[in-house]
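S.K.: Take this sequence and fold it.
(chains A and B)
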Amino acid sequence: MDTKPSPAPFAPWTDPAAVPLIRFEGVTKRFGDFTALQGIDLQIYPREFFALLGPSGCGKTTLMRMLAGFETPTEGTIWLDGQNIAPVPPNKRPVNMMFQSYALFPHLSVWDNIAFGLRRAGQDKDTIKARVEEMLRLTRLDQFARRKPHQISGGQRQRVALARSLALGPKLLLLDEPLGALDKKLRQDTQFELMDIQEKTGTTFVIVTHDQEEAMTVASRVAVMDAGRLCQIDTPQHIYETPNSRYVADFIGEVSIIEGRVDSLGEEIGIAYAEGQKPVMTRTGGTEVALGQSVFYAIRPEKIWVGAEPHPDRINSVEGTIVDIGYLGDVSTYHVRLDSGQMIKALMTNAERYAASRFTWNDRVWLSWSRHAGVVLTS
Amino acid sequence: MKLNPRRLVLISVPYAWLLALFMVPFLIVLKIALSDTAIAIPPYMPTLDLAAGWSGIRDFFSELDFENFTWLAEDDLYWKSYVSSLWIATVSTFFTLLIGYPVAYAMSRARPEWRPLLMMLIILPFWSSALIRVYAWIGILSSEGYLNQVLLALGLADTPLSILNTQTAVYIGIVYTYLPFMILPIYATLEKMDESLLEAAEDLGCTRISAFWRVTFPLSRPGAIAGCFLVFIPSLGEFVIPSILGGSQTLMIGKVLWEEFFNNRDWPVASAVAVVLLLILVIPIVLFQRNEEKNA
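M.R.: Purely as a prediction, here's the structure:
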């Protein structure tokens, strides 16, 4: 039997002794009157795959461009490996970027594109040749080395851009919406390829994306941004299961939010949300609440069980009418209107064939969920 | 591929165009170049006498010869004019590129809302006659002209510079007249260039200046080459500018052509000059295009 202890999971952010590679201290960026970033404090650790996630205009691209050196902070300091990088121009930073448009040089072959940075660094011919070939192998582009960018497919161009930005062996690689231009199937394959390459090279990756699935798949930690602020920085699992605000809960995945008032305290608290309805009973998960306080209860659709009868083992059960059904094959989503007028989304896996045809529009159903199913939010 | 009637009609249009407006006139000029001068109307012979039938055609062809082309080689006026024209056209094209490239670059870097206005300013001179604009340079360049008045007033020159009626005036005239033809194609290539390419170059270790030489310049090369051709070709055969600004010493083949036609009324020699000029232009263009196709 193997008694070797499994390695500790990769989580330097929980280790107080870990030294971050990047430290943002009170960084603010203004363009004229417009504040793109407001008081950003952030630590990113070596070998992390860090995702900046948010809608367009939230400041995530500005944050990344400050790391690359194309923007400088209006206030605050950015430390990279213990050095304040504000005065360092982009061409002197140990940071490389993979551009959203890939920005491949159209007049150079794939080989010359990858060698571009190495040549500027003044390396000798043999070193350049060896490094370019290594990059071509890593990204499986060996056969395309002599082609020009317009002679290869979108997926191949994406890999050239990656190879080019990795060729100099940067301490930090920035990826601006790297998979945005690829179709869905290719995107999913490429996500795993990216993670693989990140692990092989041991480079710290910072990725900017508006695609939450992409962020959740590839990243060790995700920072959710909105209007120039960081809303929450955590592992994908924590972001999903314990969002700290309605904004984060709503931005990541599907959620139903019930607004109510705390009407009982105890091991479970009760949240009264409508006249004449049994309050929602839930654990608080550490959120401090007071009696009578107005709170939000957020619950994910897959945590709700849909049945003809109340589920016997679950503390919360309410009756409602099906308004909409979305049949997706593997799962079905139900939009249910409670008698109090609240809309709740529920999701059931179609574990048996034709399980989905049990309920139809306007059916009366019971929704049941446990005391651990949702989170209590105060903002 | 089968040639159906529709396709045939479509293809025949450009061919008919080229045939009627390029090939036929060229053959007429070539024929005149092979003829002998005569005091007649038209001022050359032989003329084709179709009434005499087959023997008429045979006589016609037997009288054509390359005498005029040999004459071009014998009298050094002609080859000197060709060389001088090539030199003037080359120097003017070089200066047009030197001035036009920065202007086009500045336009492409200007804020987008300014670009239409700048474009308008480049095109605006075309709204007045080229002849008048070239004439206006006499008023600027002559020894009592504005340029000399300013230079004397500022104390930058003690005696008026004699620029008018020299090759310098011809360079100035050509550069001024053809500048828009250089700026516009370069601007077109620079304007559509993705700015993130420059950021990528900087990110990979280039300074701003080396990013320009490594990325911007190679990418704008097709525009610069097109601009050079658009300037070089018409300025090689230029007639108006050297005759207005160049005085009598400036030797250009366009002027020689004019004199042969209208002063000497020697149409055959003038036609021979024109045919050689065309060959001088066509050969490098064909070679260049072949080269571009290979590289693409």
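S.K.: Centroid-nearest residue for chain A?
M.R.: Relative to the mean C-alpha position of chain A, the nearest C-alpha, by CA atoms, centre = their mean, is the one of residue A:215, at 3.0 Å.
S.K.: contacting residues for that residue?
M.R.: Residue A:215 is in contact with A:51, A:53, A:207, A:209, A:222, A:236, counting by CB atoms under 8 Å, 6 or more residues apart in numbering or on different chains. C-betas here are computed from N, CA, C, even on glycine.
S.K.: I'd say residue A:25 and residue A:79 touch.
M.R.: Yes - between residue A:25 and residue A:79 there is a contact at 7.2 Å, judged by CB atoms under 8 Å.
S.K.: ok so, going back, filter the contacts of residue A:215 down to the buried ones.
M.R.: A:51, A:53, A:207, A:209, A:222, A:236 (16 or more other CB atoms under 10 Å in any protein chain shown).
S.K.: Looking at these, which one is closest to chain B?
M.R.: The closest of those to chain B turns out to be residue A:207 (CB to the nearest CB; 16.0 Å).
S.K.: How about the contacts made by that closest one?
M.R.: Neighbours of residue A:207 in contact, by CB under 8 Å, 6+ apart: A:49, A:50, A:51, A:52, A:174, A:175, A:178, A:214, A:215, A:218, A:219.
S.K.: 7 Å - rerun?
M.R.: Residues in contact with residue A:207 (CB atoms under 7 Å, 6 or more residues apart in numbering or on different chains) are A:51, A:175, A:178, A:218, A:219.
S.K.: and it, bridged to which residues?
M.R.: As for beta bridges, residue A:207 partners with residue A:51, residue A:175 under DSSP bridges.
S.K.: could you measure it against residue A:194, distance?
M.R.: 8 Å (CB to CB, to the nearest Å).
S.K.: Now list whatever residues contact both of those two.
M.R.: Listed as contacting both residue A:207 and residue A:194 by CB under 7 Å, 6+ apart are residue A:218.
S.K.: and the stretch 1-150 of chain A, which residues reach chain B?
M.R.: Within the stretch 1-150 of chain A, the positions adjacent to chain B are A:68, A:70, A:90-91, A:96-97, A:99, A:101, A:103, A:105-107, A:116-117, A:120-121 by CB under 7 Å from any CB of the partner chain.
S.K.: Adding pLDDT and distance to residue A:198, write the buried ones among the contacts of residue A:215 out as CSV.
M.R.: What follows is these, written out as CSV (pLDDT from 0 to 100; distance: CB to CB, whole Å):
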residue, pLDDT, distance to residue A:198
A:51, 93, 12
A:53, 92, 17
A:207, 94, 10
A:209, 90, 15
A:222, 94, 15
A:236, 92, 15
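S.K.: Pick out whichever of those residues sits closest to residue A:378.
M.R.: Lowest distance from residue A:378 to those (CB to CB) belongs to residue A:222, with 21.6 Å.
S.K.: Could you give the bridge partners of the closest one?
M.R.: residue A:51, residue A:234.
S.K.: Now that it has come up, it's in contact with residue A:51, right?
M.R.: Yes - with contacts counted by CB atoms under 7 Å, residue A:222 reaches residue A:51, the gap being 4.6 Å.
S.K.: hmm, who's touching stretch A:341-350?
M.R.: Contacts for stretch A:341-350 (CB under 7 Å, 6+ apart): A:254, A:256, A:258, A:273-274, A:301-302, A:304, A:306, A:320, A:330-338, A:356, A:367.
S.K.: could you redo the last one with a cut-off of 6 Å?
M.R.: Outside of stretch A:341-350, the residues that reach it under the criterion CB atoms under 6 Å, 6 or more residues apart in numbering or on different chains are A:254, A:256, A:301-302, A:304, A:306, A:331-337, A:356, A:367.
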